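Peer 1: Output the structure for:
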Amino acid sequence: MERVSLEVDKRVLIFMAGLMWCGVGVMLIRYAISWLSLCNGKEQILFYSAGFLAAMPIHHFGFLKIADKNINRLLPLTEKKSPFSFMTPKSYLIVIVMVSMGIALRHSPIPKKYLSLLYNGIGLALFLSGIRYFRVFIQLAFSKKE
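Peer 2: Residues are numbered from 1 along each chain as shown. The predicted model follows:
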């Protein structure tokens, strides 16, 4: 009987990381959009604009550096790894903390229109940084060296 291996190569790990980052980004943006749909037009423009402006430095100075560090960790891999190794164990702990904080914020008395700024900023920054993974994945998928 042949043993089934659940290990994947670095291309799959990079793709999975991109899916995770972009997927979480879209989820956060969806929360913000639903909260802002209850606001008037001026408030929507104000909070969407503020969220966008917050996303740019979060993306450039924060998440993009983390994404690049993770990509540089994955690129040298030569053997197949567990599908869960697209993130480090420390990153899984950070995700647990961030998810817990997000749940706490959503259930806090803070008005949702103010939370939308944070959710739009972090969500867009995650999405934009997640695109970096897809760019590297496409480069790997079409390179002749691998």
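Peer 1: In this structure, what residue spans correspond to helices?
Peer 2: 10-36, 41-57, 64-74, 89-106, 112-142 (DSSP state H).
Peer 1: Give me the buried stretch members for the last one, please.
Peer 2: Within helix 112-142, the residues that count as buried by 16 or more other Cβ atoms under 10 Å are 112-113, 115-134, 136-137, 140. Any C-beta I mention is one placed from the backbone N, CA and C, and that applies to glycine too.
Peer 1: And stretch 33-45, by the same measure?
Peer 2: For stretch 33-45, by 16+ other Cβ under 10 Å, it's 35-36, 39, 44.
Peer 1: Nearest to the spatial middle of the chain, which residue is it?
Peer 2: Centrality entry for the chain: nearest residue to the mean C-alpha point is Trp21, 2.2 Å, by Cα atoms, centre = their mean.
Peer 1: hmm, back to that, tabulate the helices of the chain in TSV, adding columns for distance to Lys80.
Peer 2: Formatted as TSV, the helices of the chain follow (distance: least, Cβ to Cβ, whole Å):
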stretch	distance to Lys80
helix 10-36	8
helix 41-57	35
helix 64-74	12
helix 89-106	19
helix 112-142	14
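Peer 1: how about these in JSON lines, adding distance to Ser82 and mean pLDDT?
Peer 2: Converted to JSON lines, those look like this (distance: least, Cβ to Cβ, whole Å; pLDDT from 0 to 100):
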{"stretch": "helix 10-36", "distance to Ser82": "9", "mean pLDDT": "97"}
{"stretch": "helix 41-57", "distance to Ser82": "32", "mean pLDDT": "96"}
{"stretch": "helix 64-74", "distance to Ser82": "13", "mean pLDDT": "95"}
{"stretch": "helix 89-106", "distance to Ser82": "11", "mean pLDDT": "94"}
{"stretch": "helix 112-142", "distance to Ser82": "18", "mean pLDDT": "96"}
